[in-house]
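**Q** here's my sequence, what's the structure:
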Amino acid sequence: MSQNTGGRNRYPCTTVEASLKILLSIDPDPFVPDALSHQQLNALLKAAMDTSAVPEGRLSDDELLRAALSAWADQTQELLRWIEGQGDAVSDTRSPKQVMALGSFRTHLVMGLKALRYSEG
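**A** Predicted coordinates for the structure are as follows:
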């Protein structure tokens, strides 16, 4: 596996095979430090375990779940678009069983998106 900056893209990418590139589109977060000391980690662990101290403005578990599901749906739709964009080329480097498994995987992703849509409506 090799890593590069992805050419003209500003995102780094990892090349797994010659025909497959995974773009890592994670922008640096200015609120996340580059490093933490052992003492800082211990303080964070103690604060996380203390359920009595819930800071104001903190997201509820329901809001966190909705955000995670929304992110999953976005990534799943992007993956489905990529698979569909491959068309018949997907069978060039895979066995018939692998192509059938990929089709089954795609079907399960679509069913998952539909289930999510129904759960929200």
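
**Q** for this structure, which spans come out with low pLDDT?
**A** For the chain, residues meeting the criterion pLDDT under 70 lie at 1-34, 51-57.

**Q** let's see that with 80 instead.
**A** Counting by pLDDT under 80, the chain shows low-confidence ranges at 1-36, 44, 47-59, 121.

**Q** strands along the protein, start to end?
**A** Listed from the start of the chain, the chain has strands (DSSP state E) covering 2-4, 13-17, 20-23.

**Q** please enumerate the helices of this protein.
**A** Using DSSP state H, the helices assigned to the chain run over residues 38-49, 61-86, 96-120.

**Q** let me know how buried residue 114 is, in neighbour terms.
**A** When neighbours are counted by other C-beta atoms under 10 Å, residue 114 registers 10. (Each C-beta comes from the backbone N, C-alpha and C, glycine too.)

**Q** swap that for residue 45, please
**A** For residue 45, the number of neighbouring residues by other C-beta under 10 Å comes to 10.

**Q** so how far is residue 103 from it?
**A** Noted for residue 45: a distance of 44 Å to residue 103, by C-beta to C-beta, to the nearest Å.

**Q** ditto for residue 79
**A** Taken as C-beta to C-beta, the span from residue 79 to residue 103 is 14 Å.

**Q** so residue 110 touches residue 80, yeah?
**A** Yes - with contacts counted by C-beta atoms under 8 Å, residue 110 reaches residue 80, the gap being 6.9 Å.

**Q** list the buried ones in stretch 82-91?
**A** Neighbour-count burial for stretch 82-91, counted by 16 or more other C-beta atoms under 10 Å, picks out residue 90.

**Q** what lies in contact with it?
**A** In this structure, residues lying in contact with stretch 82-91 by C-beta atoms under 8 Å, 6 or more residues apart in numbering are 99, 102, 106.

**Q** kindly reformat those as a markdown table containing distance to residue 120 and neighbour count.
**A** Shown next, in a markdown table, are the contacts of stretch 82-91 (distance: C-beta to C-beta, whole Å; neighbours: other C-beta atoms under 10 Å):
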| residue | distance to residue 120 | neighbour count |
| --- | --- | --- |
| 99 | 32 | 15 |
| 102 | 27 | 15 |
| 106 | 22 | 15 |
